[in-house]
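*Asks:* Below is the sequence, then the predicted model.
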Amino acid sequence: MSCDALNPHPEARHFRRKPEEVMRLARLGSFHPTRISFMQTLLRRLKREGWRFARDLWQIDDKGVGRATYRVVGPERTYTLVAFAHDLPDEQRSDRVIATAWDATFTLFDGIPSAADLDRLEANVPKQEAGRVSDSELTLSRANRSVRLFAHVVERLAAGRQPDRAQLEAVGYLMRTTAVYGSGKFGAADRRKIAERPELSGPFQAEMLSVWLTRAFTLDLVEHLARVRGGDAAVAMDPELRRLLGVGNSTGLGMAPFLMNHPVLLNNWMLAREEALARVRAQASASASEVEAFRQALLAAQKNAATWSSEHPIQQSKLAALRSDLAILAAELDGELLKEEPYPWNRLWLWGERTLSLEGQEALVSLLLEPQGDLVDELSQCMDADEDAAFRIDGSMTVVELQAILGRVFDWAMDMDFSWEGNDARFWYVSEEKLEPRLGERHSEAGADLEQPLSTGRDAQRLSRDLQAWSDDASIADFLLSHPEHRHTVRRSQIAAAYPFSEVRDNLISADLLPIDLLRCKLSFFGATRFDPRSDRWVRICMYPGAPFPHELLEPAS
Amino acid sequence: MSDPTIQSPLGQVPPESVNFAVSLAEIDAMGMKAARGAGYSWGLAQEAGRAARWLAAYRLSGPEALSALLAAVQDDPSAHAPKREAGRWFATGGTLCPIALGASLSDRAKAIAAGEDVRAHAVLYPLLLLPFFSRAARDLHCGFRLEGDGFGLLATFEGPSCSDWQRLGDCRQSDLTLTSASARAEDVRQHGWRGYPIAAAVWQDLGHWAHRTYVPASEASRLAGAGAGRSDND
């Protein structure tokens, strides 16, 4: 949905950044989670609405094999995470999507599963892509252990000792998910089933709930195995140390085309975030409590940046810039920056734009939103999308009108020389082996004839050139009758005219493309932290570190 | 938009079952890939997936009709692409593709709603046209009437109704007229979200077309294409 109906802040409009400034890969690849990211939104709702929690089933044997269920009960509906734990030989443990066995597999059941449901799920969920779930299930996912940290924690707890804090912080999770499928994949319920439910209407709320409950399972499993090994000598983990741990995630290219394939959704995510920033900048004054909350958020960000590590050279230099930026910001706060009125937050923002790296600027967005829940949290309600409503092409548009849109949205591509190899170096395709999106080298690999329609800038240029042969007042309906090959680009362009943040304004087939920029953008909206690229197209993240556990946030369910 | 990351259970149809259920999202993704594999442009392939999904949501045999259509156009959809002369639509190959015709009529929906008459000759599987003018009726808050060989369809912003759903579903080819309609539809069909039961053979037929859109892996692409290749254990 659009934010406009919810928007009682017309004054914020003047403070909005422009799409051509924001929708650049280098900036999108510097995003940090905010308080309207999907994990944060989910936990606020569960708390606010008084959801309840129970672990109903724990049938895990001494080898850590078996099944468990985690149930959350809301005002209207109940959801249950069904977990299957497996005994996976080390040599089979792979985070690649091509893996066929995992340490644990999961599904989020819509309601309370019967014994027959559990048996049906046990026959399918451990197989993941090779199995089938039904429209009673909302997600399908799996996770692998961090072998090193898992063994360390079991060993320590079994011996009656607490694990080493530095090791917990360095790895950040006991298990990492390697895929969390939702929205109708592998027979699971279509998005439409849950789209009208307030608790799941926001993007990826079912997936985020599934991961949050998975986190509780990973801690329960490690403590279970410590008790098996240590018997009476074993201890539970200190609640404060427990909190440090999130769920890891390993994400490859499969996720990258999502943003281009869901332009209306991307627009609504971006628009909510940009509107939130604009509302904060439009505040005439800053209260003492807001300033203090900002300082606390900055301290937390500095702490996070200090323990956030990466072996990848690109991320290492970004991290160095971020730490430096946050230090400069902290020093500047001690001066006069927030004491000048009116519009102190806007002054701070403009100072940041002049002074900080892209990492620092986008971190500042997250910090500025943090003290302003009353102002921005409602924007989380307008981040879903009715994509079908934007699907139909308006063929009554004229050639000159479409050319104007192309010139506005794809101006960066209109004169780009795509005959130069560096500008059309890559092609997106779907691999036969895993049915997953991949990126190929156009000039050295086979398969470019099967490329996906993600060469947005090049295709926009081709469309514009073919349009030049038509008279200005010709209709797009007539043009498409002669040129069906441009239909997908006409659709993108008309969507971009109505949804200004729907298009990435960079060349997605360039030799310089870093797919991790797309991954980071999407994962930041999820609420993920600790982005750790393992290559230019594969990234590890952490979800829910520091967050409360279900038994801490929620009252017990009967 | 269809999500190419939605995988389809190609080759993983449970061997013991003749019928199994697929989600609407799977139908959308599979329909798009199958149409692309059969030679449609990406934009029209998107329309094909959307149309099959739309019909399945109404418990109408969209996936089956799409599968039959792809077999009928035999890899050459351009021969069945629409041409227009004085309000009459036809294809040089003899029979008209309902996906390409539906897309073109949807593009002209405002003109048709304003009174432009449409007569179409020899349209294959006219059921597949329904999503196009139903969506247009919804978006433009108007109505359209479609008359074919033994059936009449009315699509308004409230949804579709038909004089004989069975006959429409079974129709392989028909001449059609499409006009603007102001009548309120009665017995409007309702859509849902449930998984769609489908014969394994139909799903596999679509899968064969979809398979043509996939790029076979080489050892190099296996490593470079996904960007892994280093150890991911820790």
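*Replies:* Nice, I can see it.

*Asks:* Just read off the phi/psi values of residue B:85.
*Replies:* phi -140, psi 120 (degrees, to the nearest 10).

*Asks:* how close does it get to residue A:481?
*Replies:* Distance of residue B:85 to residue A:481, computed by C-beta to C-beta, to the nearest Å: 12 Å. No exception for glycine: its C-beta is placed from N, CA and C like everyone else's.

*Asks:* neighbour count winner among the two?
*Replies:* Neighbour count, other C-beta atoms under 10 Å in any protein chain shown: between residue B:85 and residue A:481, residue A:481 has more, with 19 against 7.

*Asks:* who's in contact with whichever residue of chain B sits closest to chain A?
*Replies:* Residue of chain B nearest chain A, by C-beta to the nearest C-beta: residue B:43 (2.2 Å). Residues in contact with residue B:43 (C-beta atoms under 8 Å, 6 or more residues apart in numbering or on different chains) are A:453, A:480, A:484-491, B:103.

*Asks:* so which of the residues you listed is the most crowded?
*Replies:* Most neighbours among the contacts of residue B:43, by other C-beta under 10 Å: residue B:103, with 30 neighbours.

*Asks:* Burial check on the residue nearest to it when sequence neighbours are not counted, number of neighbours?
*Replies:* Closest residue to residue B:103 in three dimensions, ignoring its sequence neighbours and counting by C-beta to C-beta, 6 or more residues apart in numbering or on different chains: residue B:47, at 4.9 Å. Residue B:47: 31 surrounding residues under other C-beta under 10 Å.

*Asks:* quick one: average confidence on whichever helix or strand residue B:47 is part of?
*Replies:* Using DSSP states H and E, residue B:47 falls within helix B:42-57. Average pLDDT, helix B:42-57: 98.

*Asks:* With stretch A:93-109 instead?
*Replies:* pLDDT averaged over stretch A:93-109 gives 86.

*Asks:* does chain B sit close to that stretch?
*Replies:* Yes - Stretch A:93-109 is in contact with chain B by C-beta under 8 Å from any C-beta of the partner chain, via A:93-97.

*Asks:* same question, stretch A:75-89
*Replies:* No - using C-beta under 8 Å from any C-beta, stretch A:75-89 never reaches chain B; the gap is at least 11.2 Å.

*Asks:* can you tell me which residues contact the residue of the stretch 251-400 of chain A found nearest chain B?
*Replies:* Per C-beta to the nearest C-beta, residue A:395 is where the stretch 251-400 of chain A lies closest to chain B, at 2.7 Å. For residue A:395, the contact set (C-beta under 8 Å, 6+ apart) comprises A:475-478, A:480, B:104, B:106-110.

*Asks:* Poorly predicted segments of chain B, please.
*Replies:* B:1-19, B:222-234 (pLDDT under 70).

*Asks:* Residue A:368 is in contact with residue A:350, isn't it?
*Replies:* No - using C-beta atoms under 8 Å, residue A:368 is not in contact with residue A:350, being 11.9 Å away.

*Asks:* Which of the two has more residues huddled nearby?
*Replies:* More crowded of residue A:368 and residue A:350, by other C-beta under 10 Å: residue A:368, with 25 against 12.

*Asks:* which residue sits closest to that one, ignoring its sequence neighbours?
*Replies:* Per C-beta to C-beta, 6+ apart, closest to residue A:368 is residue A:280, 4.8 Å.

*Asks:* do you know how far residue A:180 is from residue A:332?
*Replies:* Going from residue A:180 to residue A:332 by C-beta to C-beta gives 39 Å.

*Asks:* Settle it for me: which of those two has more neighbours?
*Replies:* Neighbours per residue, other C-beta under 10 Å: of residue A:180 and residue A:332, the larger number sits with residue A:180, 25 against 15.

*Asks:* Tell me what that one is bridged to.
*Replies:* Under DSSP bridges, the beta-bridge partners of residue A:180 are residue A:141.

*Asks:* where does chain A have low pLDDT?
*Replies:* Looking at chain A by pLDDT under 70, you get A:1-7, A:97-98.

*Asks:* Please repeat the previous calculation with a cut-off of 50.
*Replies:* A:1 (pLDDT under 50).

*Asks:* now the strands for it?
*Replies:* For chain A, applying DSSP state E gives strands covering A:52-60, A:66-73, A:78-85, A:104-110, A:137-145, A:173-181, A:246-251, A:426-431, A:437-441, A:529-535, A:538-543, A:555-556.

*Asks:* and which of the residues of stretch A:93-109 next to chain B is nearest to chain B?
*Replies:* residue A:95 (4.0 Å).

*Asks:* Helix or strand: which one has residue B:177?
*Replies:* In this structure, residue B:177 sits in strand B:173-180 according to DSSP H and E.

*Asks:* Mind listing the strands that strand pairs with, and their directions?
*Replies:* With DSSP bridges as the test, strand B:173-180 is paired with strand B:118-124 (antiparallel), strand B:143-148 (antiparallel).

*Asks:* What are the contacting residues of it?
*Replies:* Contacts of strand B:173-180 with the rest of the structure, by C-beta under 8 Å, 6+ apart, involve B:95, B:105, B:112-115, B:117-126, B:129, B:133, B:142-149.

*Asks:* and if you look at stretch A:469-477?
*Replies:* Applying C-beta under 8 Å, 6+ apart, the external contacts of stretch A:469-477 come out as A:393-400, A:402, A:479, A:490, B:104, B:107-108, B:111.

*Asks:* What subset of those is buried?
*Replies:* A:393-395, A:397-399, A:402, A:479, A:490, B:104, B:107-108, B:111 (16 or more other C-beta atoms under 10 Å in any protein chain shown).

*Asks:* which of the residues in stretch A:277-297 are buried?
*Replies:* For stretch A:277-297, the neighbour count (16+ other C-beta under 10 Å) marks A:277-283, A:286, A:290-291, A:293-295, A:297 as buried.

*Asks:* closest to residue A:113 among those?
*Replies:* Nearest to residue A:113 among those, counting by C-beta to C-beta, is residue A:297 at 40.0 Å.

*Asks:* That closest one - nearest residue in space that isn't next to it in sequence?
*Replies:* Per C-beta to C-beta, 6+ apart, closest to residue A:297 is residue A:370, 3.9 Å.

*Asks:* Let me see the contact set for that neighbour.
*Replies:* Contacts of residue A:370 (C-beta under 8 Å, 6+ apart): A:34-35, A:293-294, A:297.

*Asks:* Show me those that map onto helices.
*Replies:* A:293-294, A:297 (DSSP state H).

*Asks:* Could you tell me how many residues sit around residue 55?
*Replies:* Here I'm looking at chain A. 19.

*Asks:* not quite, I wanted chain B
*Replies:* The number of residues packed near residue B:55 is 27, by other C-beta under 10 Å.

*Asks:* one step back: hey, C-alpha coordinates of the helix holding residue B:47 in PDB?
*Replies:* Below are the C-alpha coordinates for helix B:42-57, written out as PDB (Å, rounded to 0.1, in the frame of the first residue of the first chain):
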ATOM      1  CA  TRP B  42       9.400 -11.900 -21.400                       C
ATOM      2  CA  GLY B  43       6.600  -9.300 -21.100                       C
ATOM      3  CA  LEU B  44       4.100 -11.700 -22.600                       C
ATOM      4  CA  ALA B  45       5.500 -14.600 -20.600                       C
ATOM      5  CA  GLN B  46       4.800 -12.600 -17.400                       C
ATOM      6  CA  GLU B  47       1.200 -12.100 -18.700                       C
ATOM      7  CA  ALA B  48       0.900 -15.900 -19.200                       C
ATOM      8  CA  GLY B  49       2.000 -16.700 -15.700                       C
ATOM      9  CA  ARG B  50      -0.300 -14.100 -14.200                       C
ATOM     10  CA  ALA B  51      -3.200 -15.400 -16.300                       C
ATOM     11  CA  ALA B  52      -2.700 -19.000 -15.300                       C
ATOM     12  CA  ARG B  53      -2.400 -17.900 -11.600                       C
ATOM     13  CA  TRP B  54      -5.500 -15.700 -11.800                       C
ATOM     14  CA  LEU B  55      -7.700 -18.500 -13.200                       C
ATOM     15  CA  ALA B  56      -6.400 -21.100 -10.700                       C
ATOM     16  CA  ALA B  57      -7.300 -18.700  -7.900                       C
END
